[in-house]
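J.: below is the sequence, then the predicted model.
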Amino acid sequence: MSIDIASSKFKANPYPFYARLRADEPVYRITLADKQPAWLITRYDDVAATLKDERFIKDRLKALTPEQVAKQPWMPRAFQPLARNMLEVDPPDHTRLRALVQKAFTPRLVEQMRERIETLTGELLDVVVRRGQMDLIHDYALPVPTTIIAEMLGVPVKDRHKFHRWSSAILMASASSWWGTMKIIPHGLAFLRYIRKLVIKRRADPRDDLLTALVQAEEAGQQLSEDELVAMVFLLLLAGHETTVNLIGNGMLALLQNRDQLDRLCRDPALIKPAIEELLRYDSPVETATERRACEDVTVAGVTIPRGELVMAVIASANRDERQFDNPDKLDITREPNKHLSFGLGTHYCLGAPLARLEGQIAVNSLLRRIGDVRLAVAPESLRWRRGLVVRGLLALPVAFSKQGVQPKRVLGLLRFGPKTPHWNKSASPAGGRPQGVAADRG
Ligand code: HEM
């Protein structure tokens, strides 16, 4: 079967394809656009087992035979430091790297950010309420996590459009052709240069932020090499926003298309915790786990995956598996139990899960409290999805609602973010329609 699972068209509705695989070929070999073979694992139990199985590893050199190494797609040498991030390495390096940042992301510490996230969502909503319309992705879902992760790390918030542009280009090019890889080179190099400059600044001028803590860990020796430091900042910036934007964006779309559930949440905001869990399950922001390779021949559901081959555990499919969830294609914000796999499992279980949950809960509830009559401003079929293998999210989500005034004390927020016309009201060209403040990735 020839199917490009990274294409924008496939991303619009991947569920019927995954349902067929779960029923007929739960371990299925495809060829990716970059000509690499990959195995899609689609049933809940198999996805969970794969994520926990230590025979599926990150270290390519350990997993690949010399013949397979020779066939690997070309990657610029300058990008090699980025592969030293914790999501790309196995224990014991993984354990050491994760321990360095784990404390900053515990539920207790993250809870202290509640007030800041509430203020931020309030300010972003102030900007749009008077307009009666917005692009929910670029005016809201994207600025929330980009601002928060930038503030945590100590990266200038005004640069959020830059790092989003670079990370987005990198994600959208995953498993694309040789030409696709060539196109991301300038973005990857710019991202690396940017992080290296930030590190130099923090060495000279330490502050009370995560970046300074990491720089000091590197200076203390043993714990962190310079490449690992750069790779850590790269991963935290990227994972800290490219995922949560899709929790808020996909989640709001799911609610807008299931009005009874949206109305129920408006009537009873205390349902927000189970609601966010259900939105994470129903339209998983991370569609497939990142790549792993078999370090020996491994049999999954009766199919042998040969050593060195790429395995993709399809979280979005596991989360809709009828063997695990009753009525899995129905959105039910009170679903209980709800053991979704949206944050992964095992060694690489999401470090940022408490932060993502808090951001999602505050962003959705604040929005519904301020603009309960929010509705889609375009036909659902016209929505465009981002290309890429790992994450699944919208390029834009135009919504409309009744115009409102702003309380005087909130004018300060307006001055900070500035009112703007949503891009779909401007030029039809992607660049011409780019909102200010956040960057264009709608290719
Ligand atoms: C709704 C939002 C999010 C979702 C759905 C999500 C999902 C995931 C998943 C599925 C993984 C495991 C990938 C794999 O095993 O291949 C992961 C890992 C990770 N996530 Fe998240 N994530 C989210 C938000 C965040 C945030 C806000 C951060 C903050 C920095 C973050 C940081 C990380 C890191 C550092 C890892 C790697 C952990 C490791 O290798 O030990 N994530 N995430």
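T.: Cool, got the structure. None of these values were measured; they are calculated from a predicted model.
J.: ok, residue 231 - contacts?
T.: Residue 231 makes contact with 81, 82, 83, 84, 85, 88, according to CB atoms under 8 Å, 6 or more residues apart in numbering. In short, each C-beta sits where N, CA and C put it, glycine included.
J.: which residues touch residue 85?
T.: Residues counted as contacts of residue 85 (CB under 8 Å, 6+ apart) are 97, 228, 231, 232, 234, 235.
J.: let's see 6 Å
T.: Residues in contact with residue 85 (CB atoms under 6 Å, 6 or more residues apart in numbering) are 231, 235.
J.: same question, residue 385
T.: 8, 11, 12, 394.
J.: phi first, then psi, for the second one.
T.: Main-chain torsions, residue 11, degrees, to the nearest 10: phi -60, psi -30.
J.: what's around it, how many residues?
T.: 22 (other CB atoms under 10 Å).
J.: what sits up against stretch 67-76?
T.: Counting by CB under 6 Å, 6+ apart, 34, 185, 308 sit against stretch 67-76.
J.: how close does the first one sit to residue 281?
T.: Looking back up the chat, that one is residue 34. Going from residue 34 to residue 281 by CB to CB, to the nearest Å gives 30 Å.
J.: between those two, who's got more neighbours?
T.: Between residue 34 and residue 281, residue 281 has the larger neighbour count (other CB under 10 Å), namely 24 against 18.
J.: dump the residue contacts of the residue of the chain found nearest the ligand.
T.: Here the chain gets closest to the ligand at one residue, residue 352, 2.0 Å apart by CB to the nearest ligand atom. Residues in contact with residue 352 (CB under 6 Å, 6+ apart) are 105, 240.
J.: swap in residue 392?
T.: 11, 287.
J.: can you do 10 Å?
T.: Residues near residue 392 by CB atoms under 10 Å, 6 or more residues apart in numbering: 10-12, 14, 243, 246, 249-250, 283-288, 315-316, 385-386.
J.: filter these down to just the ones in helices.
T.: Members of these lying in helices (criterion: DSSP state H): 10, 11, 12, 246, 249, 250, 315, 316.
J.: which among those residues end up buried?
T.: 10, 11, 246, 249, 250, 315, 316 (16 or more other CB atoms under 10 Å).
J.: from the residues you listed, pick the one nearest residue 120.
T.: Proximity of those to residue 120 (CB to CB) peaks at residue 249, which lies at 16.5 Å.
J.: does that closest one really touch residue 394, like I thought?
T.: Yes: taking CB atoms under 10 Å as the definition, residue 249 is a contact partner of residue 394 at 5.0 Å.
J.: give me the common contacts of these two.
T.: Common neighbours of residue 249 and residue 394 (CB under 10 Å, 6+ apart) are 135, 136, 137, 141, 283, 386.
J.: for the ligand, what are the nearby residues on the stretch 51-200 of the chain?
T.: When proximity is defined as CB under 6 Å from any ligand atom, the stretch 51-200 of the chain approaches the ligand at 51, 86, 87, 98, 149.
J.: which of the residues you listed fall within helices?
T.: 51, 98, 149.
J.: any idea how far the first one is from residue 312?
T.: Look at residue 51 and residue 312: by CB to CB, they are 11 Å apart.
J.: now for these two: what residues contact both?
T.: Residues touching both residue 51 and residue 312 (CB under 10 Å, 6+ apart): 41, 289, 292.
J.: so which of those are in strands?
T.: Of these, the ones assigned to strands by DSSP state E are 41, 292.
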